[in-house]
Each structure stands twice: as C-alpha cells, then as structure tokens.
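Peer 1: Sequence plus the predicted model coming up.
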Amino acid sequence: RFDRQVYVGRPDVKGREAILRVHSAGKPFADDVDFSVVAKTTAGFTGADLENLLNEAALLTARAGKKKIDMEEIQRAFVKVGIGTEKKSRIISEKEKLITAYHESGHAILFEVLEKCDPVHSVSIIPTGMAGGYTMPLPGEDKMYMTKGEMEHEIISFLGGRAAEEIVLKDVTTGASNDIERATAMARNMVMKYGMSSTFGPVQYGDEGDEVFIGRDIGHSRNYSENTADAIDAEVKELINFSYSEAKRLLNENIDVLHASAKLLMDKEKITGDEFRALFKRNAVKDTENADESDSEENTEL
C-alpha cells in the first residue's frame, strides 16, 4: 500500500511556458513564436499535450517546406491536438457545407454574445476528426471550477448549432448529437451533482460510482425515489428547453451576423476569431447608418 499520495495536477500558465521551453530544445523557431502566448492559449494542456503540440508543429513545418516553426504551424498543430486532423481531401456537397457553416456560426455567435463564455479562436467547416467542422473557443485563464452562470451559458452555446439549423434551414440534422449529449450531461450534473437546482437545493443524488455498465442494476439501490427521479428528469428537461429558447432568441437578434458568417465560411472554409468578430463590427456600422437614414427621413418629413 501507499502511505503517501502526491497529486500532480495540470500545469498552470507558468508551468506550461517552462514545459514548452524544455520541449523546444533542438527545434528551430521563427521570430514570431512567443512561448508566453502559446502557454496562455493552451489552458488545460498536460505536459504530454504540449510536447505533442510542438512535435506536430515541427512535422507540419517540414511538410510545408519551411525551415523554421512559426506561429501559423503552431496554431495548425493546436487544432490537430485539440480536435483532430483536418480532412481537406474529403469531398462534401455544397448543401452539407452550408448546413455546417450555419451550424458552426450558431456556436460562434453564442460564444461571442454570452459574456461568461470564452471568445472564439477559430471557426472551420473543414471536416475534422469525426466532426463536419468546429468552433474553437480560446480559454482566457486557467480555471479550477465553473460557476453556475458559466455552466448555464455553456449549455446555451452547446445548443447554438442546432438552433441555427432550425432558424435558417427550417429543419434539423444529426450533426448536433454530440452537442445535445454534452448539454444534457452538464444540466444533469448541475441538478444531481453540484446542488445548483433551486428545486432540490444543495443535495447530491446518485454517487460517483454510478457509471453505467452491464448488470449494474442487479442488487443496486439508488439513494433517491422514483418520484425524485421523475422530478430530476423534469428539471433537466426544463433547463435544456430554456437554454434552447435562449439560443434561438440570441441568434434571431444577430441574424445578419449569422448569414454573414455562414457566407464567409462558405467562401474561406476557415476563419480566425478576429475575422469573425469583424462581422459584428460591420453589422453595428450598418445598423448605425440605417438609424441615421431613418432620422434623416423623419427630419425631412417634419
């Protein structure tokens, strides 16, 4: 047996920068590479993840015919390590591209307008891993926990893709299955595990050993009644339905940005966070000009 256990958590921003410098030894880097910036954008990465990041960046640099690793290749490696390999050779129809463009734009808009979500780092409709595209947020800081408000906003952002499909395409697809799974799991944890329900209060239902496996229910008794289980289901459903309504409301309020983002993604396939945020600024300028024209017309009539 072990008399003493030593917990080694994930490295903080200073630890990540130090680890990056260790694994950078022997690799040529361009002048634009700033390890402090890379450390800030890799919140949650382990030492192995960071080593993998620089190794992937080196491979991508070699394939691109470059002599030194630059920030562009590190960003590409960041996507590969965090999400998966982009499959640019995969042929998809224009209809599927359009669906993905609106789906990912829905996620991106909610990341931008919900104050407790992280800002958008990049948006892509290039098939990646098992997904048709991705919206990658940029963690602003290391977090040891999440607040109730942050989790509520996270659930709304998960449902942005499905909401965008329904608003624009008047139909829904199977592409939101993972989003719905994550939103439901988070809502259920809020009610059952974190005591964030106003109905149930700070009480935990179930236990850490409740993972599903074959034969689990044989001889197993849970610590809450059937009536409580029904009430939990109702609470989770109410939270999901409210979040979905909020997602649709926010997207309808930013419908011009939704269309503009989808069009830009159809043209470029992948955009940066700055390119995406520029659409909001452009839309704000257009709204101001329309308001000025309206005021001018009213003054003329007077």
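Peer 2: In hand now; what should we look at?
Peer 1: Would you map the strands across the stretch 151-300 of the chain?
Peer 2: Taking DSSP state E, counting those that start in this stretch as the criterion, the stretch 151-300 of the chain contains strands spanning 270-272.
Peer 1: any low-confidence regions in it?
Peer 2: 207-221, 285-300 (pLDDT under 70).
Peer 1: can you map out the helices along it?
Peer 2: 160-164, 177-192, 226-253, 255-268, 273-301 (DSSP state H, counting those that start in this stretch).
Peer 1: Make JSON lines out of those helices and add mean neighbour count and distance to residue 52.
Peer 2: (Each C-beta comes from the backbone N, C-alpha and C, glycine too.) Converted to JSON lines, the helices of the stretch 151-300 of the chain look like this (neighbours: other C-beta atoms under 10 Å; distance: least, C-beta to C-beta, whole Å):
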{"stretch": "helix 160-164", "mean neighbour count": "29", "distance to residue 52": "28"}
{"stretch": "helix 177-192", "mean neighbour count": "17", "distance to residue 52": "23"}
{"stretch": "helix 226-253", "mean neighbour count": "16", "distance to residue 52": "34"}
{"stretch": "helix 255-268", "mean neighbour count": "18", "distance to residue 52": "27"}
{"stretch": "helix 273-301", "mean neighbour count": "12", "distance to residue 52": "23"}
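Peer 1: nearest to residue 201, of the ones you listed?
Peer 2: Residue 201 sits nearest to helix 177-192 of all those, at 10.5 Å, using C-beta to C-beta.
Peer 1: Report all helices and strands that the closest one contacts.
Peer 2: On a contact count with 3 or more C-beta pairs under 8 Å, 6 or more residues apart in numbering; DSSP states H and E, helix 177-192 meets helix 148-158, helix 160-164, helix 226-253.
Peer 1: so which of these comes closest to residue 33?
Peer 2: Comparing the helices and strands packed on helix 177-192 by C-beta to C-beta, helix 148-158 comes nearest, at 30.6 Å.
Peer 1: Could you check the helices of the stretch 151-300 of the chain and tell me which one is nearest residue 146?
Peer 2: Nearest of the helices of the stretch 151-300 of the chain to residue 146, taken as C-beta to C-beta: helix 177-192 at 9.2 Å.
Peer 1: Now distance to residue 196 too, for the helices and strands packed on helix 177-192, in TSV please.
Peer 2: Converted to TSV, these look like this (distance: least, C-beta to C-beta, whole Å):
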stretch	distance to residue 196
helix 148-158	5
helix 160-164	21
helix 226-253	10
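Peer 1: For residue 284, which of those is the nearest?
Peer 2: Of the helices and strands packed on helix 177-192, nearest to residue 284 by C-beta to C-beta is helix 226-253, at 12.7 Å.
Peer 1: ok and that closest one relative to helix 177-192, angle-wise?
Peer 2: Angular relation of helix 226-253 and helix 177-192 on a 0 to 180 degree scale: 130 degrees, by axes from the mean of the first three to the mean of the last three C-alpha atoms, to 10 degrees.
Peer 1: Contacts for the strand or helix carrying residue 48, please.
Peer 2: Under the criterion of DSSP states H and E, residue 48 resides in helix 47-63. Helix 47-63 has contacts (C-beta atoms under 8 Å, 6 or more residues apart in numbering) with 11, 16, 19-20, 23-24, 27, 38, 42, 45, 68-70, 73-74, 76-78, 80-81.
Peer 1: Please apply the same query to stretch 143-163.
Peer 2: If you take C-beta under 8 Å, 6+ apart as the criterion, stretch 143-163 is touched by 43, 103-104, 106-111, 114-117, 172, 175-176, 179-180, 182-183, 186-187, 190, 194, 196, 239-240, 243-244, 246-248, 250-251.
Peer 1: Now do the end-to-end distance for that stretch.
Peer 2: Terminal residues of stretch 143-163 are spaced 28 Å apart (C-alpha to C-alpha, to the nearest Å).
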